[in-house]
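when you get a sec, could you give me coordinates for this:
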Amino acid sequence: MTAKIITLAGKKGGTGKSTLTLTLAATLTLRGHRVLVVDTDPQGSSSKGARAAPDERPFPAVVISLAGAGRTLARELQPHADIYDFILVDTEAGTAFEATQSALLVSDLALLPCKASAADIDALNLVRPLLSRVLGTNPALRVALVASLIRNNGVTNAMLSALAGQPEHLLKTQLPDIAAFQEVLTTGLPVQSQGRGARAAVAVAEAMTDEVLNLMDS
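Numbering: from 1, shown residues only. Sure thing, here's the model as predicted:
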């Protein structure tokens, strides 16, 4: 069975891309799927996060770094496609990187985490030319926005309305700005392993994963 490939991309950094990558990867693995995370970002946030997990409680999914793969990334993913059910690619912030385009060309789904701010929403305009080029070659690619690092206040609610008005599909599930998700990167522990205090985060992780799977199956 060929793996489903999900690429997380975006123009700006600090949108929760790596947090979302590891959260989805852990949730899928805990559901019994074989999952590989490919970190193409030289900063290595996903790789460092997974390595931070204690030896007695390793991060559930396999995480490798292919930083520097560039345009050969799609080819380097091929040997893994028959081993794993899902491959999640965490890319470097920006749109001019060859690895990002290479990953998108062979992906089933592109997830674009976006904070509810005017600057982040405006930055989506810089991603669309890349998506347009990729869709010309990979027309089956699904694209979805994820409202990330969300706080409950009036300004955020207004920006969420603006985000919902974008042409791309917006996932209903939002990634909230809460400590449990921050700890995924600092401790390597998925929210499912953080105890009772992370129950709200677990509910978000499960709902997000359900929505992603339903989107790819639709």
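
and the helix or strand of the chain with the lowest mean pLDDT, C-alpha only, in CSV?
Across the helices and strands of the chain, mean confidence by mean pLDDT, DSSP states H and E is lowest for helix 154-164: a mean of 81. Taking C-alpha atoms only, helix 154-164 is exported to CSV below (Å, rounded to 0.1, in the frame of the first residue of the first chain):
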residue,chain,number,x,y,z
GLY,A,154,-12.5,39.6,20.0
VAL,A,155,-9.6,40.3,17.7
THR,A,156,-9.0,36.6,17.0
ASN,A,157,-12.7,36.0,16.3
ALA,A,158,-12.7,38.8,13.7
MET,A,159,-9.5,37.4,12.0
LEU,A,160,-11.1,33.9,12.1
SER,A,161,-13.9,35.3,10.0
ALA,A,162,-11.4,36.7,7.6
LEU,A,163,-9.6,33.3,7.4
ALA,A,164,-12.9,31.5,6.7
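
quick one: residues in contact with it.
The list of residues contacting helix 154-164 from outside it, by CB atoms under 8 Å, 6 or more residues apart in numbering, reads 114, 116-118, 121, 145, 147, 150, 170, 174. Glycine gets a C-beta too; all of them are placed from N, C-alpha and C.

now stretch 7-16
The set of residues external to stretch 7-16 that reach it, using CB under 8 Å, 6+ apart, is 17-18, 20-21, 88-91, 93-95, 100, 103-104, 107, 109-115, 119-120, 123-124, 126-127, 148-149, 175, 181.

taking those residues one by one, which sit in helices?
Using DSSP state H, the subset of the contacts of stretch 7-16 located in helices is 17-18, 20-21, 100, 103-104, 119-120, 123-124, 126-127, 181.

among these, which one has the most neighbours?
Looking at these with neighbours defined as other CB atoms under 10 Å, the largest count falls to T21 at 30 neighbours.

picking that back up, of the ones in helices among the contacts of stretch 7-16, which is the nearest to E76?
Sorting these by how near they are to E76, with CB to CB, puts A103 at the top with 10.0 Å.
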